[in-house]
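Student: Sharing a sequence plus its predicted fold:
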Amino acid sequence: MMVKSSREQKLAVLDTEPFLSPSDRIPQDDSLSSLFLPSNLFQRSSRYNLCLYHIFAITVNMILAVILLWQIQTSPTSLGTSPMFLKDIIRYKQIKFISAEKSPLFGTPGPETDAAWDRLIDDASLRLSQPELARFNSSSIDLQDSPGKLAWLEVSHQIHCVDYIRKAINRNHYYAELSDSDWRKYINPHVDHCLNDMVQNIMCRGDTTPKFFEWETERIKPVITS
């Protein structure tokens, strides 16, 4: 019978013992993430990164919105479908509104106020060639004195409409001899057309400049300042 030496006995014991002690072993149901990072810490880190992403996205969107609003407030109204050649002609300038009492366009109807309105729309008519007109997919009447088609800018049409309503308000001065039936037949529909066109233009191109109020004597409500 062969007797093992003490050294061989020690090696045999080491061969039968596990490499890790029970306290050092990894439980069989643990995920791989437990080898590197506790699961609760991993979840907190993911939520933190997601929160940072949302904060960054919201901040960028707010900055872009502020820039866009600033550009809208400081830039002149776009010409929209205006012909390209007009963009090289039209110039914008800043003005301060004045009250009707100081405006030459209003007051007692007469030659002076009529002349002030005429100056605004004297040059309203435009001559468009057929190719220019085709860009708008529209038609118009021929000019009598030269080749081309008649057109107006919408701004001239709006000024004409305001002038027409002004004259309708002062019926006794401008339409004193017009009968009630002719008034209802010709004037009322034109006034409705002008009001409808102006309301739609105001809604589409509304001026966002703030207006302010003040009290006036003998008035029960505040009035808008100029």
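Tutor: Ah, there it is.

Student: Can you show me the helices along this structure?
Tutor: 6-16, 39-74, 111-121, 130-134, 154-169, 171-174, 180-182, 188-204 (DSSP state H).

Student: Domain-wise, how is this structure divided?
Tutor: 91-122+153-224, 125-152 (automatic domain parsing).

Student: Lowest mean pLDDT across those domains, which one is that?
Tutor: Of all the domains of the chain, the minimum mean pLDDT falls on domain 125-152 (a mean of 86).

Student: between the domains of the chain, which one is nearest to residue 57?
Tutor: Distances from residue 57 to each of these were compared using C-beta to C-beta; the minimum, 27.6 Å, belongs to domain 91-122+153-224. In short, each C-beta sits where N, CA and C put it, glycine included.

Student: For the nearest residue to residue 164 once chain neighbours are set aside, list the residues it contacts.
Tutor: Leaving aside its sequence neighbours, residue 164 sits nearest to residue 194 (C-beta to C-beta, 6 or more residues apart in numbering; 5.5 Å). Applying C-beta atoms under 8 Å, 6 or more residues apart in numbering to residue 194 gives the contacts 160-162, 164-165.

Student: okay, now the residue nearest to residue 120 when sequence neighbours are not counted: neighbour count?
Tutor: Counting by C-beta to C-beta, 6+ apart, residue 120 lies nearest to residue 159, which is 5.1 Å off, once chain neighbours are set aside. Using other C-beta atoms under 10 Å, residue 159 has 17 other residues around it.

Student: again with residue 163
Tutor: Residue 163 has 19 nearby residues by other C-beta under 10 Å.

Student: That one against residue 116, yeah?
Tutor: No: using C-beta atoms under 8 Å as the test, residue 163 is too far from residue 116 to be in contact (9.8 Å).

Student: re earlier: now the helices of the chain in JSON lines, with distance to residue 214?
Tutor: Output for the helices of the chain, formatted as JSON lines (distance: least, C-beta to C-beta, whole Å):
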{"stretch": "helix 6-16", "distance to residue 214": "101"}
{"stretch": "helix 39-74", "distance to residue 214": "24"}
{"stretch": "helix 111-121", "distance to residue 214": "26"}
{"stretch": "helix 130-134", "distance to residue 214": "48"}
{"stretch": "helix 154-169", "distance to residue 214": "25"}
{"stretch": "helix 171-174", "distance to residue 214": "31"}
{"stretch": "helix 180-182", "distance to residue 214": "40"}
{"stretch": "helix 188-204", "distance to residue 214": "23"}
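
Student: Among those, show me which one is buried the most.
Tutor: Of the helices of the chain, the one with the most neighbours on average (mean count of other C-beta atoms under 10 Å) is helix 154-169, at a mean of 16.

Student: can you give me the angle it makes with helix 188-204?
Tutor: Using axes from the mean of the first three to the mean of the last three C-alpha atoms, to 10 degrees, the inter-axis angle of helix 154-169 relative to helix 188-204 is 130 degrees.
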